[in-house]
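Student: The following comprises the amino acid sequence and a computationally predicted model.
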Number of protein chains: 2
Amino acid sequence: MGPGPISAYPSVLRSMSAPLVGQYDPFMTHAMTETQDLYRQVWGTANEATVLIDGTSRAGIEAALVSLIRPGDRVLVPVFGRFGHLLAEIAERALAEVHTIETAWGQVFPASAIEEAIVRVQPTLLALVQGDTSTTMNQPLDEIGAICAKHGVLFYTDATASLGGNAFEADAWGLDAATAGLQKCLGGPSGSAPLTLSDRAVEVVRSRSKVEAGIREEDDASASDFVRSNYFDLGMILDYWGPRRLNHHTEATSMLYAARECARVLLGEGRDAVIERHRVAGAAMLAGVRALGMDVFGDVAHKMNNVVAVMIPEGVPGDIARQAMLEDFGIEIGTSFGPLHGRVWRIGTMGYNARKDAVLTTLAALEAILRRFGAPVPAGAGVEAAADVFAGRG
Amino acid sequence: MGPGPISAYPSVLRSMSAPLVGQYDPFMTHAMTETQDLYRQVWGTANEATVLIDGTSRAGIEAALVSLIRPGDRVLVPVFGRFGHLLAEIAERALAEVHTIETAWGQVFPASAIEEAIVRVQPTLLALVQGDTSTTMNQPLDEIGAICAKHGVLFYTDATASLGGNAFEADAWGLDAATAGLQKCLGGPSGSAPLTLSDRAVEVVRSRSKVEAGIREEDDASASDFVRSNYFDLGMILDYWGPRRLNHHTEATSMLYAARECARVLLGEGRDAVIERHRVAGAAMLAGVRALGMDVFGDVAHKMNNVVAVMIPEGVPGDIARQAMLEDFGIEIGTSFGPLHGRVWRIGTMGYNARKDAVLTTLAALEAILRRFGAPVPAGAGVEAAADVFAGRG
């Protein structure tokens, strides 16, 4: 019940035991094409360029940024938690001129603040986290795409922590690029990163095809403009996933099966139904921890559905109590980073864990642990408050 | 029975269905440490810096090269097949000054030719493929480490296609860096890349730690010297796998289980025993295809144990026959690249497929298909010749 990685859906675990087939076996290429179609529905997009990156969610971020950023490009990164810093760091490694704006941890940006910074910085790319697990905040994106389009800025978002558990509409919100991972609301293992690119983003990627050394002129633009990575060159990755099937990496078959099954579970239950399940589980957990007398960190109106940060009560030893949760109850809850380190626990309700029994069991265990460490807790109040939410009485 | 990816060991497939745990759960960190120890034995090394890269074998290559090559460094790549070209291409993207030497496809380099080129080019790094599936050749490495050490050159090898099915001794051969994948002789799925680094290589990586923008001086060496990738910065990856456990990516748990089980299978059977099994299976396949009247491509004395390239007989339509093997017998054999395209099939005997029944069944099917397309084949000769090898009569 941490902020991710989390327990996977049982059918996702089973899917990875399926036999492997060759890279160009029709069964394999069909599985790839099918997975692309499933993720178009997950992302809410008609983007042809919808694929998986073979690596963790961080690999997806780097593939998007290194393929879209030319050395020297100005990139704007609004930072509202740890993962904004990560986007800035990855953009720096891609030799961007990185500009950041920051807001206090626990807050999100109003669209006007982002537009103001865009006007001032005139970036080629806006890189914005949707859900930052370090603060639990969910940055509203629905007005940002139009602002970016107005100013001719590419709009990338990192939806690793949020996709599948909170609303996401790649096309309606005007995203040019978005990436995620399986290990949060999608209920799978880390190791595969869904990615989608708009046609405008594909144009940028395509314009940076690398011309091989032997046939390149010294002052050819492509001599300086190529993507500084082979593994993350989205042009080559799209050619492998596309009808040309040009050999690039060897697709990670078992992780593809996992990613496909994550999407099947989500779409089988219904995208809106899964988000609603996350909303209810998150609301129940929130009501439960508050009923146990705990304060919640940050602007709760903008909290992600799938994670809550609770202030560790005065006098309770955070790490020892967390360890007791794991050792005595087999339940993991999360520690925290940066300015929140040692001040909050992060409790997730995502993917397979966005379930009534998981929420109620966690609250029962948490109550026992808080009591053990001397915090005053009203007996049964957490479980009861959460059960009320699940019953529609919350 | 292609040149990889191949069928995985059943226990490897099962291992990926194991439940996930949190990133810092003691069970997880223990599994990581255990996997490091297993791969030290697989590589034949005492290198502390022995880890997995979360991505395909190509991700392992890029992690090694981008972390070891400073922009402008001279890198020497001896090319004897497609994957030499890949090393050169990845080194170019890392902004190396790349020098190649080439030999005809189907040949390997004598150590003297590599030394001569080292003396001429004076590279900081030699990047050399061990086994190149495109030509089936196995480049001898045992004398190269001493040559590199003599000239102060770092020695990297790509052992993707060879590790586990052919001799490999990271320490005895003086390797500074080596990478592989699971989807060849290790008998697992693509998606995790074992990597090992000598202390000398670790020093290079450590000297390139990125200093954060806010505290960096304009003319600080680290301002220009940092690794041009966050995901592949081996310094950060070593800090995550090491005792400090500094958060970097979220380790791909299911792929870690797979990688661990691949090593367990190999070490359980015995490293030398597994290589011998590959040797026998490869010799049996070689004897079998020759007994069917087929010519074999390349310098057979330097062929990898685990793959053979057979000349497609005159008049047999290569791709249609290959497709018939797959559709009628469920057996995949490989096509080929570059100068061999359309001229040879590549037949693998690696990992779980380095088995008598797999070899004999493939030869029986191949005989049927060759006959169907009008090639003159002596009835039963392929199966019989291979069976003789397995019986020690070959």
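Tutor: Thanks, I have the structure now.
Student: any chance you could map the strands in the stretch 201-350 of chain A?
Tutor: A:307-311, A:344-348 (DSSP state E, counting those that start in this stretch).
Student: For the first one, name the packing helices and strands.
Tutor: Contacts of strand A:307-311 with other secondary structure elements, assessed using 3 or more CB pairs under 8 Å, 6 or more residues apart in numbering or on different chains; DSSP states H and E, are made with helix A:271-291, strand A:344-348. Glycine gets a C-beta too; all of them are placed from N, C-alpha and C.
Student: what's the helix or strand for the residue of the stretch 101-250 of chain A found nearest chain B?
Tutor: Closest residue of the stretch 101-250 of chain A to chain B, CB to the nearest CB: A:Gly191 (2.9 Å). Assessed by DSSP states H and E, A:Gly191 sits outside every helix and strand.
Student: Contacts only, for the closest residue in space to it that isn't next to it in sequence.
Tutor: Closest residue in space to A:Gly191, ignoring its immediate chain neighbours: B:Ala252 at 2.9 Å, by CB to CB, 6 or more residues apart in numbering or on different chains. Under the criterion of CB atoms under 8 Å, 6 or more residues apart in numbering or on different chains, the neighbours of B:Ala252 are A:55-56, A:189-191, A:255, B:54, B:191-192.
Student: can the residues you listed go into TSV with extra columns for distance to B:Ala287, pLDDT and neighbour count?
Tutor: Formatted as TSV, the contacts of B:Ala252 follow (distance: CB to CB, whole Å; pLDDT from 0 to 100; neighbours: other CB atoms under 10 Å in any protein chain shown):
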residue	distance to B:Ala287	pLDDT	neighbour count
A:Gly55	41	98	33
A:Thr56	44	98	28
A:Pro189	42	98	32
A:Ser190	45	98	31
A:Gly191	40	98	34
A:Met255	37	98	33
B:Asp54	40	98	30
B:Gly191	34	98	34
B:Ser192	34	98	35
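Student: Low-confidence regions, chain A specifically.
Tutor: Along chain A, the model assigns pLDDT under 70 to residues A:211-224, A:394.
Student: Now do the helices in it.
Tutor: For chain A, applying DSSP state H gives helices covering A:10-15, A:26-43, A:57-68, A:82-93, A:111-121, A:144-151, A:199-206, A:221-225, A:234-241, A:253-269, A:271-291, A:318-329, A:356-372, A:381-390.
Student: Looking at these, which is nearest to B:Arg228?
Tutor: Evaluated over these, closeness to B:Arg228 peaks at helix A:82-93, with 5.6 Å, by CB to CB.
Student: Give me the contacts around that closest one.
Tutor: A:58, A:61-62, A:65-66, A:69, A:75, A:77-79, A:98, A:100, A:102, A:125, A:127-129, A:132-135, A:158, A:160-161, A:337-338, B:210, B:212-213, B:226-231, B:233.
Student: one more time with 7 Å, if that's ok
Tutor: A:61-62, A:65, A:69, A:75, A:77-79, A:98, A:100, A:127, A:129, A:132, A:134, A:158, A:337-338, B:213, B:226, B:228-230 (CB atoms under 7 Å, 6 or more residues apart in numbering or on different chains).
Student: Of those residues, select the buried ones using a ChimeraX command.
Tutor: Remark: buried members of the contacts of helix A:82-93, expressed as a ChimeraX selection using 16 or more other CB atoms under 10 Å in any protein chain shown:
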select /A:61,62,65,69,75,77,78,79,98,100,127,129,132,134,158,337 /B:226,228,229,230
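Student: wait, what's in contact with the residue most central in space within chain A?
Tutor: In chain A, the centroid-proximal residue (CA atoms, centre = their mean) is A:Thr160; its distance is 0.9 Å. For A:Thr160, the contact set (CB under 7 Å, 6+ apart) comprises A:57, A:180-181, A:184.
Student: try 8 Å
Tutor: The contact partners of A:Thr160, by CB under 8 Å, 6+ apart, come to A:57, A:60-61, A:83, A:131, A:179-181, A:184.
Student: wait, isn't A:Trp43 in contact with A:Ala167?
Tutor: No - using CB atoms under 8 Å, A:Trp43 is not in contact with A:Ala167; the gap is 11.7 Å.
Student: higher neighbour count, these two?
Tutor: Taking neighbours as other CB atoms under 10 Å in any protein chain shown, A:Trp43 and A:Ala167 compare with A:Trp43 leading, 24 against 19.
Student: Enumerate every residue touching the more buried one.
Tutor: Neighbour list for A:Trp43: A:50, A:163, A:168, A:170, A:178, A:194, A:196 [criterion: CB under 8 Å, 6+ apart].
Student: Quick check: closest non-adjacent residue to the third one.
Tutor: What sits nearest to A:Phe168 in space, not counting adjacent residues and going by CB to CB, 6+ apart, is A:Ala159, at 5.8 Å.
Student: what separates A:Phe390 from A:Met1, distance-wise?
Tutor: Distance check for A:Phe390 against A:Met1: by CB to CB, to the nearest Å, it reads 16 Å.
Student: out of these two, which sits in the busier spot?
Tutor: Remark: of A:Phe390 and A:Met1, A:Met1 carries more neighbours, 26 against 18, as counted by other CB under 10 Å.
Student: Surely that one touches A:Thr362?
Tutor: Yes - counting by CB under 8 Å, A:Met1 touches A:Thr362, with 4.9 Å between them.
Student: shared neighbours of these two, anything?
Tutor: Shared contacts of A:Met1 and A:Thr362, counting by CB under 8 Å, 6+ apart, come down to A:331, A:333, A:347.
Student: Next, format those as TSV and append neighbour count and distance to B:Gly174.
Tutor: Below are the shared contacts of A:Met1 and A:Thr362 laid out as TSV (neighbours: other CB atoms under 10 Å in any protein chain shown; distance: CB to CB, whole Å):
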residue	neighbour count	distance to B:Gly174
A:Ile331	22	49
A:Ile333	21	47
A:Ile347	30	51
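Student: ok, those residues vs chain B, which is closest?
Tutor: Within the shared contacts of A:Met1 and A:Thr362, proximity to chain B (CB to the nearest CB) peaks at A:Ile333, which comes in at 9.2 Å.
Student: Might you report the residue contacts of that closest one?
Tutor: Taking CB under 8 Å, 6+ apart, we find A:Ile333 in contact with A:1-2, A:322, A:325, A:345-348, A:362, A:366.
Student: Report how many residues lie close to A:Met311.
Tutor: A:Met311, neighbours per other CB under 10 Å, totals 14.
Student: For it, give me its contacts.
Tutor: By CB under 8 Å, 6+ apart, the neighbours of A:Met311 are A:294-297, A:343-344.
Student: hey, what's it bridged with?
Tutor: Bridge pairing for A:Met311 (DSSP bridges) gives the partners A:Val344.
Student: Was I right to think A:Met255 contacts B:Gly191?
Tutor: Yes - the pair A:Met255 / B:Gly191 is scored as a contact, 5.0 Å apart, by CB under 8 Å.
Student: who touches both of those two?
Tutor: In terms of CB under 8 Å, 6+ apart, A:Met255 and B:Gly191 are both contacted by the residues A:54, A:191, B:252, B:255.
Student: got the contact list for whatever residue of the stretch 1-150 of chain A ends up closest to chain B?
Tutor: Closest to chain B within the stretch 1-150 of chain A is A:Met16: 3.7 Å, counting by CB to the nearest CB. Applying CB under 8 Å, 6+ apart to A:Met16 gives the contacts A:189, A:254-255, A:257-258, B:13, B:16-17, B:254.
Student: hmm, which two among the residues you listed are most spread apart?
Tutor: Between all members of the contacts of A:Met16, the farthest pair (by CB to CB) comes out as A:Pro189 and B:Leu13, at 14.5 Å.
Student: right, so the helices and strands packed on strand A:307-311: which one is the most enclosed?
Tutor: strand A:344-348 (a mean of 27; mean count of other CB atoms under 10 Å in any protein chain shown).
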